[in-house]
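K.L.:
Sharing a sequence plus its predicted fold:
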Amino acid sequence: MERISSAVILKRRRMDPVKLFREELKKPGIVMVPGVYNALTAMLAERMGFRAVYVSGAAVTASLGLPDLGVITLDEMVKVVSYICDSIDIPVIVDIDTGYGEIFNVVRAVREFEKIGVAAVQIEDQVLPKKCGHLSGKHLIPPYEMAGKIRAAAEARSNPDFVIIARTDARGVTSLEDAVKRAEIYLEAGADVIFPEALESEEEFAEFASRVKAPLLANMTEFGRSPLIEAGKLESMGYKFVIYPVTLLRVAMYSMRKALSLLREKGAQKELISEMYLEKPPETVKDLLDMLTSRFGEKFREAVYPEGRLRDNLVLMVNGHSIKLLKGLDTPLKEEDEVYIDVIDILEVVGGG
């Protein structure tokens, strides 16, 4: 059987995520950024068409069974984020809380995250130990101290396209006016994007955007102080990014609780099978090829349909398993062929003619 070298399918396109994210700052339109907390959720977000992901300190901390009080360490976060960066091509934004300490800690954090392929880091102006931005009892460092951290972060990056996002928690501690003033100071210090945390009304989001002339990031976390505003409306106000930092974790926990409850009560999981498919299972060979073509693009189509016809004796090698498609496109898939449902990547396509 002849190997078709030009038909090797790699999930990773090996694009430069730092360059991609820097270019987003220059493009019109808002970018919706879901929060992820491991490689699997990041891969799903990429597959669903999102152009960037946000690694929330709160979500990663919660996944470790810890409260969002700044207790996660730099090394722990780098390890989690490295798996995420290795699994996707779209830009990764990382919440680095207060920078894990003072200026030298910020410098080390930027260098560590830049080395593993992160496109942007977000640093906030709370006192360490910090709290979730939507809780009471927060304390702020002086704006000049935060400006020093931002300057250090900007100077520490080796790639000038690496993006520094400055978050201010001033609205919930001092005032909206202080948040605006701090944003101006942080921009002058070298921040590329401003993130006003915990604004309390649509009017405040609009006022902040009208007064701070820079790329802005809005946080649409659930159960917080901010109203949940549609992305289109935020875009009309002037926001460039909107994050949903803990949405996936919360929905996943609800689904897992539902599944565990049913399993405990029924003693079987049959009723859950219909909820386990990420996409409708294809029924025929044609359905399978159409699904894979939409996922992997024209390179896959060219490998499978050379000169507009289905390749003879086609075999798909799927993570070590082979699905032999030797019959017509209308051939029903056998149950054992459905191994592809649970695999992430296609390694290669081989065929005999």
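P.N.:
That came through fine. Residues are numbered from 1 along each chain as shown.
K.L.:
Wait, a strand at residue 243?
P.N.:
Yes. Assignment of residue 243 by DSSP: H, G, I helix; E, B strand; the rest coil places it within a strand.
K.L.:
quick one: contacts for it?
P.N.:
33-35, 54, 56, 93, 217-221 (Cβ atoms under 8 Å, 6 or more residues apart in numbering). Where C-beta positions appear, they are placed from N, C-alpha and C, glycine not excepted.
K.L.:
Among those residues, find me the one that's closest to residue 289.
P.N.:
residue 34 (29.0 Å; Cβ to Cβ).
K.L.:
tell me which residues form a beta bridge with the residue most central in space within the chain?
P.N.:
Closest residue to the average C-alpha location of the chain: residue 53 at 1.7 Å, with Cα atoms, centre = their mean. Per DSSP bridges, the residues bridged to residue 53 are residue 92.
K.L.:
That one against residue 81, yeah?
P.N.:
No. Using Cβ atoms under 8 Å, residue 53 makes no contact with residue 81, being 10.3 Å away.
K.L.:
Give me the common contacts of the two.
P.N.:
residue 92.
K.L.:
Would you mind finding the longest helix in this structure?
P.N.:
Identified as the longest helix of the chain according to DSSP state H is helix 247-266.
K.L.:
ranges for the helices of the stretch 51-200 of the chain?
P.N.:
57-63, 74-87, 103-115, 143-156, 176-189 (DSSP state H, counting those that start in this stretch).
K.L.:
then the third one to PDB, C-alphas only?
P.N.:
What follows is the C-alpha trace of helix 103-115 in PDB, where atoms were taken according to Å, rounded to 0.1, in the frame of the first residue of the first chain:
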ATOM      1  CA  ILE A 103       8.400  43.300  40.100                       C
ATOM      2  CA  PHE A 104      11.000  40.500  39.900                       C
ATOM      3  CA  ASN A 105       8.200  37.900  40.200                       C
ATOM      4  CA  VAL A 106       6.400  39.600  37.300                       C
ATOM      5  CA  VAL A 107       9.500  39.500  35.100                       C
ATOM      6  CA  ARG A 108      10.000  35.800  35.800                       C
ATOM      7  CA  ALA A 109       6.300  35.100  35.100                       C
ATOM      8  CA  VAL A 110       6.300  36.900  31.800                       C
ATOM      9  CA  ARG A 111       9.400  35.000  30.700                       C
ATOM     10  CA  GLU A 112       8.000  31.700  31.700                       C
ATOM     11  CA  PHE A 113       4.700  32.100  30.000                       C
ATOM     12  CA  GLU A 114       6.300  33.600  26.900                       C
ATOM     13  CA  LYS A 115       8.500  30.500  26.600                       C
END
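K.L.:
Number the residues from 16 up from this point.
P.N.:
In the new count, where the first residue is 16, that last one comes out as helix 118-130.
K.L.:
and that helix, what does it pack onto?
P.N.:
Judged by 3 or more Cβ pairs under 8 Å, 6 or more residues apart in numbering; DSSP states H and E, helix 118-130 is in contact with helix 89-102, strand 135-139, helix 158-171.
K.L.:
Who does the shortest one pair with, and is each partner parallel or antiparallel?
P.N.:
What that stands for is strand 135-139. Strand 135-139 pairs in its sheet with strand 107-110 (parallel), strand 178-183 (parallel), by DSSP bridges.
K.L.:
angle of it against helix 89-102?
P.N.:
150 degrees (axes from the mean of the first three to the mean of the last three Cα atoms, to 10 degrees).
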